[in-house]
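# please find the sequence and the predicted model below.
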Amino acid sequence: MSTEYPSLSEAQARDAADPLRAWRDRFTLPQGVIYLDGNSLGALPKSTAVLMRDATERQWGEGLIRSWNDADWIGAPRRIGDKIAQLIRAAPGEVVVCDSVTVNLYKLMLALLASHPGQGRTILTESGNFPTDLHVAAGVARQHGLSLDAVPREQIADRIGPDTALIVLTHVHYKTGERFDMAGVQALADAHNVPLIWDLSHSVGAVPLDMGGDAARFAVGCGYKYLNGGPGAPGFVYVAGEALEFLGSPIQGWMGHAEPFAMTDGYTPAPGIERFLAGTPPMLSLLALEGGVDLMVEADDAALWHKSQVLFDFLAQLMAARCPDLAPITPPRADLRGSHASFAHPHAWPINRALIEAGVIGDFRTPDVLRLGLTPLYLGFADIWHAVDRLAAIMDDGRWQRSEYMAKTKVT
Ligand SMILES: Cc1ncc(COP(=O)(O)O)c(C=O)c1O
Ligand SMILES: Nc1c(O)cccc1C(=O)C[C@H](N)C(=O)O
């Protein structure tokens, strides 16, 4: 174990040389708080606070129902979808913003099972995947008389075969940060002609994505993490253009109709990705999401990913030297991980509570993981340095053992 570690002045020098440094001033972050949980709920862009005032006071307050046309509310799901398409290297018209990740996953799973009837008896996923993915997959399997095959990631490749009806994988693991080789796994699925849905919740805005280049055709993703779209921001659905023609949404809502305001009795799906809309979009939430997405579109994604990597290495080096009892569980190789770093410790819960009390917000994931999110738009090297310094103090003085840090909270 190395006891050498970078000094605070080194961290400050790296911040001074950081080309992304100016971005942090575009976020509202509370004084004295180091926020390492942007992978769960992104920070508030200052521009979004301004947009929200306009959305409520002018668009809603004054425009009233006219704003569906005048402020193009009706076009927002597709307009913001096209912006997200740029972030994931998809084409315009392949992404629409709607519903939650959970609901979108359900819609895509049902759409794909309906379009590939009789193909296979199992839905394949990873054991330990994010719970909502597992729960939705189990429910869909039950409803369709299929079985759920949830296996460790090392076994996924071998499990894909003639019996597989559908595959659902989370690209970057919510807990460990492990990342699948998208192109490689997609090629395996394609070789067996099995549709594969990617959950991009911990990937979009965090790691380079190239849906077109990797030949990935179906995905869902989250708006409130690295896209900084606000609590409960809507998610999105991605369907590659070539696949759109043969997929229908299982929820035939009026907003997915080709002509919602024709008010016909019969249902005709919208010709494009809008067919995955169901009901009226939650407009204030969409407009808040657009504020966050606009920042990500403006930022240089190569620079963001580079900074994520150097922040990760900096954190890893400091942790190894100063908090050796917390065992790193995220792959150190950049192409094998996302933009968060996780550490295992049997007492991760009270350690994280003590850390929050010390002004560093990370999170705990059961049973023993301390998870630290690295969001290069608003974090710097000195933030990481101070976070580890405070964590080291908590480990050294043992204050995490105080009873006040043991109490569970409803949301972790
Ligand atoms: C991989 C993954 N999928 C889905 C979700 C959440 O889905 P929803 O937005 O429907 O709550 C999360 C986190 O909340 C997640 O980490
Ligand atoms: N979706 C969340 C929520 O509604 C409350 C608190 C946290 C969350 C999360 O985002 C959890 C997150 N997907 C995770 O990776 O743990």
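Here it is on my side, so go on. Ligands and ions are numbered 1, 2, ... in the order given.
# drop to CA atoms for contacts and neighbour counts, all remaining ones
Noted.
# flag every residue of the stretch 201-350 of the chain that's near ligand 1.
By the rule C-alpha under 6 Å from any ligand atom, the part of the stretch 201-350 of the chain lying against ligand 1 is 201, 222.
# actually the stretch 51-200 of the chain, not the one I wrote
Going by C-alpha under 6 Å from any ligand atom, the residues of the stretch 51-200 of the chain near ligand 1 are 100-102, 130, 132, 170, 174, 199.
# domains of this structure?
Listed by automatic domain parsing, the domain ranges of the chain are 8-45+300-405, 72-298.
# mind giving me a markdown table with those domains and columns for mean pLDDT?
As requested, the domains of the chain are arranged in a markdown table below (pLDDT from 0 to 100):
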| stretch | mean pLDDT |
| --- | --- |
| domain 8-45+300-405 | 98 |
| domain 72-298 | 98 |
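# quick check, the longest strand seen in the chain touching ligand 2?
Secondary structure of the chain read by DSSP state E shows that its longest strand is strand 164-170. No. Shown here: strand 164-170 not in contact with ligand 2 (C-alpha under 6 Å from any ligand atom), separated by at least 10.7 Å.
# one step back: mind putting the domains of the chain into JSON lines with mean neighbour count?
Converted to JSON lines, the domains of the chain look like this (neighbours: other C-alpha atoms under 10 Å):
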{"stretch": "domain 8-45+300-405", "mean neighbour count": "19"}
{"stretch": "domain 72-298", "mean neighbour count": "20"}
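# to E57, which of those lies closest?
Closest to E57 of the domains of the chain, according to C-alpha to C-alpha: domain 72-298, at 11.4 Å.
# D383: which element?
For D383, the enclosing helix or strand under DSSP states H and E is helix 381-397.
# sorry, back to before: and the residues of the stretch 51-200 of the chain next to ligand 1, which two are furthest apart?
So, these by C-alpha to C-alpha: farthest apart are S100 and Y174, at 16.5 Å.
# up against ligand 2, what does the stretch 301-412 of the chain have?
By the rule C-alpha under 6 Å from any ligand atom, the part of the stretch 301-412 of the chain lying against ligand 2 is V411.
# what segments of the stretch 301-412 of the chain are strands?
327-328, 340-344, 360-361, 363-365, 369-373 (DSSP state E, counting those that start in this stretch).
# can you redo these as TSV with distance to D210?
Formatted as TSV, these follow (distance: least, C-alpha to C-alpha, whole Å):
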stretch	distance to D210
strand 327-328	28
strand 340-344	20
strand 360-361	31
strand 363-365	29
strand 369-373	22
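# out of those, flag the one nearest R53.
strand 360-361 (27.7 Å).
# partners of the closest one, with directions?
Using DSSP bridges, the strands paired with strand 360-361 in its sheet are strand 34-35 (parallel).
# off-centre distance for the partner strand?
Strand 34-35 has its C-alpha centroid displaced from the chain centroid by 19 Å (C-alpha atoms, centre = their mean, to the nearest Å).
# relative to Q401, how far out is the nearest residue to D389 once chain neighbours are set aside?
With C-alpha to C-alpha, 6 or more residues apart in numbering as the criterion, D389 has its nearest non-adjacent residue at 7.7 Å, and that residue is R322. The gap separating R322 from Q401 is 19 Å, by C-alpha to C-alpha, to the nearest Å.
# same deal with P208?
Separation of P208 from Q401 (C-alpha to C-alpha) stands at 40 Å.
# so where do the helices sit in the chain?
Listed in chain order, the helices of the chain (DSSP state H) span 8-16, 46-53, 67-70, 76-87, 101-115, 131-143, 153-159, 182-191, 241-244, 283-298, 301-322, 348-357, 381-397.
# may I have stretch 247-255 exported as PDB, CA atoms only?
Taking Å, rounded to 0.1, in the frame of the first residue of the first chain, the C-alpha atoms of stretch 247-255 are listed here in PDB:
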ATOM      1  CA  LEU A 247     -42.700  -1.800 -33.000                       C
ATOM      2  CA  GLY A 248     -45.900  -0.600 -31.500                       C
ATOM      3  CA  SER A 249     -46.300   0.800 -28.000                       C
ATOM      4  CA  PRO A 250     -48.400  -1.500 -25.700                       C
ATOM      5  CA  ILE A 251     -50.000   1.600 -24.200                       C
ATOM      6  CA  GLN A 252     -52.000   3.000 -27.000                       C
ATOM      7  CA  GLY A 253     -52.400   6.400 -25.500                       C
ATOM      8  CA  TRP A 254     -53.800   9.400 -27.400                       C
ATOM      9  CA  MET A 255     -50.400  11.300 -27.300                       C
END
